[in-house]
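Colleague: would you be able to build a 3D model of this:
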Amino acid sequence: MTGGDVLIVKDGTYNENMGEWFWSGGVKLSSSGPPGGTQENHTIIMGERVGGVIVNGRLHAVGWPEYVTVMQFTFLNGGEIDNTSQIFVSRSGFKGGLSTARSSYIYKEDIWAWGSNRYTISNYAADHVVDNRVIARLDDLGEVPSLPVGAISHYLTNYSVIANALLFDVTGSFAQPYDLVYSSRPDVGFNKLYGIIGFNAGSELGGIYPGDGGAGGHEINNSVVWGTSRRGMKFNSPGPNFVLNSTIGQNAGNAIEGQDNITANNNIFLNNGGIESLSQCDNNLFSSSGPAGSCSNSDTTTIPEIRYLPRSPISGKGATIEKRYQTTLNQNDEYDVTLTSEDLWPWPYEDIIKRDMCAESSYGWCATNKTLTEYVWEFLGYTIPPEIYGP
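Modeller: Predicted coordinates for the structure are as follows:
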């Protein structure tokens, strides 16, 4: 195999890892991996069909050369991307989670990860990482970890994006429970979180905590945090921080809390424990979520009937997550996140995802006969709108 080739792996089960590595001077280096490609012509390793290739092993994209794409595999021992750049992983499942560390310009799309790990999808000491259309389910670890946990993390990670993510059905107990999205100490920050739906977060986790210390600010846009036992969103970063066009409801703690320099516009706050002071806020709906304070153009009288997590009932306020996002790198070496006209639902590859994620689980979604799309849309007890699956 040479750089730029396409390797198609036939359907079946394979009892080996994809890639191997070794330590050298405290750095992970590749001892077995593919040749690199170019920006125009990636080296591609792909399964014959989505869900058709089961790897009873682990993805080790460690120390790989640039411009390698891995797609259409289910890895039963998880995966890692480490000490590399320009790696693309798509249409793949990871039992035990998928981690990215010490790497740059990593693109993950149509990923489903589940299992017992501190973070089901972990990004550590990385930059320019995109997690687009990802699912992360944090399962019972069996023993109580002494460190923070979450479904997905941006730990020491900068200029990165999470878009169209489903985070749900958490099980287990944790000594330091944190949030579905937990991020700590980025040295630059400026991460973007768009189109996240977080719900059924277990008995201990909160919603989205995009910056626990560190520098910079973060943006949460068009996202839902529903029914957690803690807070909706929290910031401990200097900012500027933004919560825009989001629905935060039925959380036992504050809808938003943390440091100043938080701007909140066009949100629905419904039945939360309260809300801490905001630096700037405009055009929000406050219903049983604490006082609107000095916010402008607030609606404090409407009681919204939210039937579907992905769809706001009020035009111009709250989250409506029905289309796909795309990311493009701009001239400032930052990602622009734009909403496309392409439908997000039905969720792609949902039959394969259920086969994988429910093979050893009977909780939450896995205890139902519903598709993933039905489970998300019907979580609040209403029948899915007929147009979601089309005519």
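Colleague: what is Asn158 paired to in the beta sheet?
Modeller: Bridge pairing for Asn158 (DSSP bridges) gives the partners Asp127.
Colleague: oh, that last question was meant for Tyr14, not what I typed.
Modeller: Going by DSSP bridges, Tyr14 forms beta bridges with Val55.
Colleague: how close does it sit to Leu141?
Modeller: Distance check for Tyr14 against Leu141: by CB to CB, to the nearest Å, it reads 27 Å. In this view, the C-beta of every residue, glycine as well, is placed from N, C-alpha and C.
Colleague: swap in Tyr155?
Modeller: Tyr155 is 18 Å from Leu141, by CB to CB.
Colleague: who's more crowded, these two?
Modeller: Tyr155 (21 against 16; other CB atoms under 10 Å).
Colleague: measure the more buried one to Arg102 for me?
Modeller: 12 Å.
Colleague: and for the two, which residues touch both?
Modeller: Jointly contacting Tyr155 and Arg102 under the rule CB atoms under 8 Å, 6 or more residues apart in numbering are 124-125.
Colleague: adjacent strands (with direction) for the helix or strand encompassing Lys28?
Modeller: Secondary-structure assignment from DSSP states H and E places Lys28 in strand 27-32. Using DSSP bridges, strand 27-32 pairs in its sheet with strand 20-24 (antiparallel).
Colleague: what residues does the strand it pairs with touch?
Modeller: Residues contacting strand 20-24 (CB under 8 Å, 6+ apart): 28-33, 60, 62-63, 82.
Colleague: flag every buried residue along it.
Modeller: For strand 20-24, burial by neighbour count (16 or more other CB atoms under 10 Å) applies to Trp21.
Colleague: after the helix or strand encompassing Gly93, which helix or strand is next?
Modeller: Under the criterion of DSSP H and E, Gly93 resides in strand 85-95. Going down the chain from strand 85-95, the next helix or strand is strand 98-101, by DSSP H and E.
Colleague: direction included, what does the strand holding Gly93 pair up with?
Modeller: Partners of strand 85-95 in the sheet, by DSSP bridges, are strand 68-71 (parallel), strand 74-75 (parallel), strand 104-115 (parallel).
Colleague: in CSV: the ones you listed, plus mean pLDDT, mean neighbour count and distance to Asn271.
Modeller: Shown next, in CSV, are those (pLDDT from 0 to 100; neighbours: other CB atoms under 10 Å; distance: least, CB to CB, whole Å):
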stretch, mean pLDDT, mean neighbour count, distance to Asn271
strand 68-71, 98, 21, 42
strand 74-75, 98, 25, 39
strand 104-115, 98, 23, 29
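Colleague: how about Cys366, what does it touch?
Modeller: 169, 354, 357-358.
Colleague: in those residues, find the pair that's most separated.
Modeller: Greatest spacing in the contacts of Cys366, by CB to CB: Asp169 and Lys354 (12.1 Å).
Colleague: and those two? which has more neighbours close in?
Modeller: The neighbour comparison of Asp169 against Lys354 (other CB under 10 Å) goes to Asp169, with 23 against 19.
Colleague: hmm, Leu180 and the more buried one touching each other?
Modeller: No: contact criterion CB atoms under 8 Å: Asp169 and Leu180 do not qualify, at 10.8 Å.
Colleague: what about Trp112, distance to Gln176?
Modeller: 26 Å.
Colleague: oh, I was asking about Ser184
Modeller: Distance from Ser184 to Gln176, by CB to CB: 11 Å.
Colleague: now the common contact residues for the two.
Modeller: Pro148.
Colleague: since that was my last question, I'll sign off now.
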